[in-house]
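[1] Predicted model, plus sequence, below.
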Amino acid sequence: MTHPPKSAAPPVPSPGLPAAPGIPAQPARPAPVGSPAPSAPRTAFAEGVDRLRSAATTEPGRLRIIGAVLALLVVAFGAATAWQAGERAAAADDVLHRSQPLSSGAAGIYRSLADANTAASSGFLAGGQETAASRDRYEKDIRTAAAGLVTAAANAEPGSASEATIAKLNTLLPQYKGLIERARTYNRQGYPVGGAYLRYANEKMQKEMLPAAEDLYTKENQRLDADYGDATPFPWVAIALGVLALAALGWAQRRTYRRTNRVLNHGLVAASAATAVALLWLVVGHTVARVELNGSYDHGIRSLTVLHDARIASLKARGNENLSLVARGAETITVDGKPYDAYYYDFDKDMTTLGTGLTRAEQLADDQGGRTPVKAAESNMAVWKQRHASARTDDENGNYEQALDKVIGAKGATGECFDGVDSSLARAVDHEQAEFQRAAGAGRDALTGLPVGAAVLAALGAAGGLLGIGRRLSEYR
């Protein structure tokens, strides 16, 4: 008897796999308890660390690592040297060609304004017969101050306090000129109101313009100090990397000697020489630059600051001397319960400041060229004080014409002494300016070529180190 064929059992799908059509999918079977979880894919960094660890177990691998580290250290040293030396060279150049000239320019603006005020009062005292020399001096001072403001404005940072100060002075200067012209016009016509206009112009100069000019001078000095602060610090980062690179190269050569008994590896020796030259250049060059720049500050900037202040004090003293005769006692102040003529009182203060400044300038002068003009200014100041005392006595006793002649006369007047003080101080300023430029220029020149030279030497050093290590690697092929 024939039996019908048994139907084949339907295939059972594997757990987790899609079922055949018409067959229900079977749920995935859970992993047995305690079986390890599938590992996460490894990162490139982890694989790199493993390869590096494996390489370090063989001498060729260790040599490759040493070569890479040496090249990295030498290149880092060169980059740090180029960066720090470049910054200091740029700051030294700013000291020489930017911030110090701007500081002197700001002092020149102050001096020009003060001198213009003095020249205007001197011309006013001459009455309708104002001399051409007095008028020309006033006009020249105004032009010099205006040109100085243009230069300062061109170099001021937008939105800075200096820019606001310059704008203020540019606004006040035409106003001052207008008051002086009115004073002159009324003075030529013989109207006493001319003296009132001159005093008002002087008040605008003393209370608004000169303080603003002094503020500009202070800000430019701060910029100069900042440039000195950027130019003189030692480049410790570069020096530390240079020492570290040399130490690493020395260790590598010692290691090579101990393993091969060869005294020299030409590549490593070349790398050490290049690194040593760059490090020596950096240390010596920056030391020379630092010494010269500090000298330019101690024997140049400090002297110039004192001389500028002394010159300004002499100008203010001369202006107050003239105005005391213009006002004829109209301006008085009370000090400790005693009345004083305001302009004579300020004159005495200015002369005290001048004397102190000249003493300080003589102490700071480090050669005969600097001391000689200062001593000449001190001599002229002493005579000035004697002549002024005589003129003041005449003025206080009502002898106005005699006092006027002793102040602005053609011979034996205090004006001669003031001119002597001013010209002597101008010579001293020129001498100290030359001293500054010499020292600051030497400081800047000491850093010339160092950033580029260090970068080239570092590249050569890195190449030498790699070649030296490559020479050792070739022995394993």
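    In hand now; what should we look at?

[2] Helix, strand, or coil at the residue nearest to residue 193 when sequence neighbours are not counted?
    Of all residues not flanking residue 193 in the chain, residue 186 sits nearest, at 5.1 Å (CB to CB, 6 or more residues apart in numbering). Every C-beta, even on glycine, is put in place using the N, C-alpha and C of the backbone. Classification of residue 186 by DSSP: H, G, I helix; E, B strand; the rest coil places it in helix.

[3] what's near enough to touch residue 186?
    Neighbouring residues of residue 186 by CB atoms under 8 Å, 6 or more residues apart in numbering: 192, 193, 194, 197.

[4] show me where pLDDT drops low in the protein?
    The model of the chain has pLDDT under 70 over residues 1-42, 44-57, 127-130, 261-263, 329-330, 476-477.

[5] Now do the strands in the stretch 201-350 of the chain.
    332-335, 338-341 (DSSP state E, counting those that start in this stretch).

[6] Kindly reformat these as CSV containing distance to residue 370.
    Listed next are those as CSV, based on distance: least, CB to CB, whole Å:
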stretch, distance to residue 370
strand 332-335, 37
strand 338-341, 36
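
[7] Please identify the deepest-packed of the ones you listed.
    When you average the neighbours per residue for each of these (mean count of other CB atoms under 10 Å), strand 338-341 leads with a mean of 14.

[8] Can you name every helix or strand that it contacts?
    strand 332-335 (3 or more CB pairs under 8 Å, 6 or more residues apart in numbering; DSSP states H and E).

[9] Mind giving me the packing neighbours of the strand it packs on?
    Using 3+ CB pairs under 8 Å, 6+ apart, strand 332-335 sits against strand 338-341, helix 342-364.

[10] list the buried ones in stretch 246-263?
    Under the neighbour-count criterion of 16 or more other CB atoms under 10 Å, stretch 246-263 has 246, 248, 249, 252, 253, 255, 256 buried.

[11] Give me the contacts around it.
    Looking at what lies outside stretch 246-263 - CB under 8 Å, 6+ apart - the contacts are 66, 69-70, 73-74, 264-265, 268-269, 271-272, 275-276, 279, 465, 468-469, 472.

[12] Any chance of a PyMOL selection covering the buried ones in those?
    Selection of the buried residues among these in PyMOL, burial being defined by 16+ other CB under 10 Å:
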select buried, resi 66+70+73+74+265+268+271+272+275+276+279+465+468+469+472
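
[13] could you redo the helices and strands packed on strand 332-335 as CSV and give each row distance to residue 88?
    Output for the helices and strands packed on strand 332-335, formatted as CSV (distance: least, CB to CB, whole Å):
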stretch, distance to residue 88
strand 338-341, 53
helix 342-364, 26
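
[14] List the buried residues in stretch 218-234.
    For stretch 218-234, by 16+ other CB under 10 Å, it's 219, 220, 221, 223, 224, 227, 228, 231, 232.

[15] What of stretch 363-371?
    364, 365, 370, 371.

[16] Most widely separated two among those residues?
    364 and 371 (9.6 Å; CB to CB).

[17] so what's residue 93 closest to, chain neighbours aside?
    Nearest to residue 93 is residue 444, by CB to CB, 6+ apart, at 5.5 Å.

[18] ok, now residue 471?
    Of all residues not flanking residue 471 in the chain, residue 267 sits nearest, at 6.0 Å (CB to CB, 6+ apart).

[19] Tell me if I'm right that the one you found and residue 462 touch.
    No - using CB atoms under 8 Å, residue 267 makes no contact with residue 462, being 10.6 Å away.

[20] which other residues reach stretch 208-217?
    103, 106-107, 109-110, 113-114, 152, 162, 165-166, 168-169, 172-173, 176, 308.

[21] Stretch 162-182 now?
    109, 120, 138, 142, 145-146, 149, 152-153, 156-157, 194, 197-198, 200-201, 204-205, 208-209, 212-213, 215-216, 219-220.

[22] can you check stretch 236-243 too?
    73, 76-77, 80-81, 83-85, 275, 278-279, 282-283, 454.

[23] Dump the buried residues of stretch 363-371 into TSV; add distance to residue 93 as well.
    Converted to TSV, the buried residues of stretch 363-371 look like this (distance: CB to CB, whole Å):
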residue	distance to residue 93
364	25
365	27
370	25
371	31
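
[24] just those residues now: which is nearest residue 458?
    residue 364 (42.3 Å).

[25] The residue nearest to the closest one when sequence neighbours are not counted - how many residues pack around it?
    Among residues not flanking residue 364 along the chain, residue 303 sits closest, at 4.5 Å (CB to CB, 6+ apart). Residues lying near residue 303 (other CB atoms under 10 Å) number 27.

[26] can you tell me which residues contact residue 303?
    Counting by CB under 8 Å, 6+ apart, residue 303 has contacts 361, 364, 365, 370, 428, 432, 435.

[27] quick one: residue 314 from residue 164, how far?
    As judged by CB to CB, to the nearest Å, residue 314 and residue 164 stand 29 Å apart.

[28] neighbour count winner among the two?
    Under the neighbour definition other CB under 10 Å, residue 314 and residue 164 were set side by side, and residue 314 has more, 32 against 14.

[29] Let me see the contact set for the more buried one.
    350, 354, 381, 418, 421, 422, 425.

[30] how does it look with 10 Å?
    Residues near residue 314 by CB atoms under 10 Å, 6 or more residues apart in numbering: 111, 114-115, 118, 350-351, 353-354, 357-358, 377, 380-381, 384, 417-422, 424-425.

[31] gap between it and residue 110?
    13 Å.

[32] How far does stretch 335-351 sit from its chain's centre?
    39 Å (CA atoms, centre = their mean, to the nearest Å).

[33] before we move on, what about stretch 249-263?
    Computed by CA atoms, centre = their mean, the chain-centroid distance of stretch 249-263 equals 48 Å.

[34] How about exporting that stretch as PDB, limited to the C-alpha atoms?
    The C-alpha trace of stretch 249-263 is given here as PDB (Å, rounded to 0.1, in the frame of the first residue of the first chain):
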ATOM      1  CA  LEU A 249      70.000  67.300  21.000                       C
ATOM      2  CA  GLY A 250      72.800  66.700  23.500                       C
ATOM      3  CA  TRP A 251      70.900  63.700  24.900                       C
ATOM      4  CA  ALA A 252      70.300  62.300  21.500                       C
ATOM      5  CA  GLN A 253      74.000  62.500  20.600                       C
ATOM      6  CA  ARG A 254      75.000  60.900  23.900                       C
ATOM      7  CA  ARG A 255      72.500  58.100  23.300                       C
ATOM      8  CA  THR A 256      73.900  57.500  19.800                       C
ATOM      9  CA  TYR A 257      77.400  57.400  21.200                       C
ATOM     10  CA  ARG A 258      76.600  54.900  23.900                       C
ATOM     11  CA  ARG A 259      74.800  52.600  21.400                       C
ATOM     12  CA  THR A 260      77.200  52.900  18.400                       C
ATOM     13  CA  ASN A 261      80.400  54.000  20.100                       C
ATOM     14  CA  ARG A 262      80.600  56.800  17.400                       C
ATOM     15  CA  VAL A 263      81.700  60.100  18.700                       C
END
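
[35] Could I have the buried ones of the contacts of stretch 162-182 as ChimeraX selection syntax?
    Here is the ChimeraX command that selects the buried residues among those (16+ other CB under 10 Å):
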select :109,120,138,142,145,146,149,152,156,194,197,198,201,204,205,208,209,212,213,215,216,219,220
